[in-house]
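**Q** please work out how this folds:
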Amino acid sequence: MPAVRADHLYKVFGKQSKVAVERLSDGSHRDTITDLDVTAAVIDVSFEVQPGEIFVVMGLSGSGKSTLIRMLNGLLDPTAGSVEVDGVNITALNKKDLLKLRGEKISMVFQHFALLPHRTVLENAAYGLELRGLPRAERFEKAKETLALVGLDGWEDKLPQQLSGGMQQRVGLARALSADTDIILMDEAFSALDPLIRRDMQTQLIELQASLGKTIIFITHDLNEAMRLGDRICVLRDGRVAQIGEAAEILNSPANEYVERFIEDVDRARVLTASAVIDASVARDDSAPQVDAGTAVADLYPTVSTADRLRVVSDQGEVLGMVTRESVLASLNTTTNGEGDK
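**A** Presented below is the predicted three-dimensional model:
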């Protein structure tokens, strides 16, 4: 069962929203329904997110991604369509049951931290558990554990304004982890951070996910961030889905011209991994040096330039195939028209 399922979701703001949905469902672009005096934010969006997956929703400003994430936890009601969480249709829940589901199933990390300024780091991290009614000692113990996980051990008694932006975002992440929900929604969670701190937070999220296995839906406008974090990526354009796929799939087989233009500036060497550049025509060679399947192509250069070929191995130790110097170079020279770099 999917952890989260969006089924033909629409969100249209305005009095004639139902009429707008009818026209949009017939294929009309949102710019052609201006006579209805409505704003179509999300249009016919469907996807499934599997348990333990990092599913990234990305798009430019106005693409509908923030509206979408607010429908996934019931902060906004869909104009049409439905959202299921662990098989429960949350669009049909009453307010009491929706609040209960949010407290037990879904937590959220916001772009601008959303910390309570007059509460300590520990009190902020424990806030979700407080709302759930857990005793003070129990919620503080859990919050201390998660603060340690995000590298804030010893900062429990500080106030938010005494922390850097990156540290404040770690508190926000700790609060989500303390709630111990299976699903975490992250709305542009790192976009307010400086580039170096942002990359550190991305690394920490990847490391935490490897040990905790949460289901994460991550919203971003940064394609490189999406490619680094996402098991799968949903690209939105003007409220509609342009493409859903793994990073390598989107890079190598963009669905349309819009996605082609979108990926032009992606650092392919940092996004593509060894498993994505396997040369199926090369026979297995157990004498070749071994490399993990998730190793970035950029990190293969020193070895493949001297060894000529590498054995790609999964986390379980299974040999997936061989990478060659030629397959690495070909992957980096690939363009969307299939002709290579000019």
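
**Q** would you map the helices across this protein?
**A** 17-25, 65-72, 95-105, 121-125, 127-132, 136-149, 165-178, 195-212, 223-229, 247-252, 257-262, 268-271, 301-307, 325-333 (DSSP state H).

**Q** quick one: which of the ones you listed is nearest residue 237?
**A** Smallest distance to residue 237 across the helices of the chain (Cβ to Cβ): 5.5 Å, for helix 257-262. Where you see a C-beta, it was placed from the backbone N, CA and C, and this is true even at glycine.

**Q** can you list contacts of that closest one?
**A** Residues outside helix 257-262 that contact it (Cβ atoms under 8 Å, 6 or more residues apart in numbering): 223, 235, 237, 242, 243, 250, 254, 336.

**Q** from these, which is closest to residue 303?
**A** residue 250 (26.5 Å).

**Q** contacting residues for that closest one?
**A** Applying Cβ under 8 Å, 6+ apart, the residues near residue 250 are 227, 233, 235, 243, 259, 263.

**Q** just for this protein, where's the confidence low?
**A** Low-confidence segments of the chain (pLDDT under 70): 333-342.

**Q** go again using 80 as the cut-off
**A** Where the chain drops to pLDDT under 80, the residues are 111-113, 192-193, 265, 270, 301-302, 304-305, 330-342.

**Q** where's the residue of it most remote from its centre relative to residue 114, distance?
**A** When distances are taken from the C-alpha mean of the chain, residue 287 lies farthest, 37.8 Å away, according to Cα atoms, centre = their mean. Relative to residue 114, residue 287 is positioned 55 Å away (Cβ to Cβ, to the nearest Å).

**Q** hmm, back to that, and the residue farthest from the centre of the chain, how close does it get to residue 225?
**A** From residue 287 to residue 225 the distance is 38 Å (Cβ to Cβ).

**Q** residue 104 now?
**A** Applying Cβ to Cβ to residue 104 and residue 225 gives a distance of 29 Å.

**Q** more neighbours: those two, which one.
**A** Higher neighbour count among residue 104 and residue 225: residue 225, with 21 against 13, using other Cβ atoms under 10 Å.

**Q** now the more buried one, nearest residue through space, not along the chain?
**A** Nearest non-adjacent residue to residue 225, counting by Cβ to Cβ, 6 or more residues apart in numbering: residue 202, 6.4 Å away.

**Q** okay, now the one you found: neighbour count?
**A** 20.

**Q** also the one 4 residues further on?
**A** Other residues lying near residue 206 total 13 when counted by other Cβ under 10 Å.

**Q** list the contacts for it?
**A** So residue 206 contacts 228, 229 (Cβ under 8 Å, 6+ apart).

**Q** what about stretch 286-301, how long is it end to end?
**A** Start-to-end span of stretch 286-301 (Cα to Cα, to the nearest Å) is 20 Å.

**Q** ok, now stretch 71-81?
**A** End to end - Cα to Cα - stretch 71-81 spans 10 Å.

**Q** that one: how far from the chain's middle?
**A** Here stretch 71-81 is found 19 Å from its chain centre; the criterion is Cα atoms, centre = their mean, to the nearest Å.

**Q** so what touches that stretch?
**A** Contacts for stretch 71-81 (Cβ under 8 Å, 6+ apart): 4, 6-12, 17-18, 20-21, 25, 42, 44-46, 67, 70, 83, 85, 90-91, 93, 98, 101-102, 106, 108, 185, 217.

**Q** mind running it again at 6 Å?
**A** Applying Cβ atoms under 6 Å, 6 or more residues apart in numbering, the contact partners of stretch 71-81 are 7-12, 17, 21, 70, 83, 90-91, 98, 102, 106, 185.
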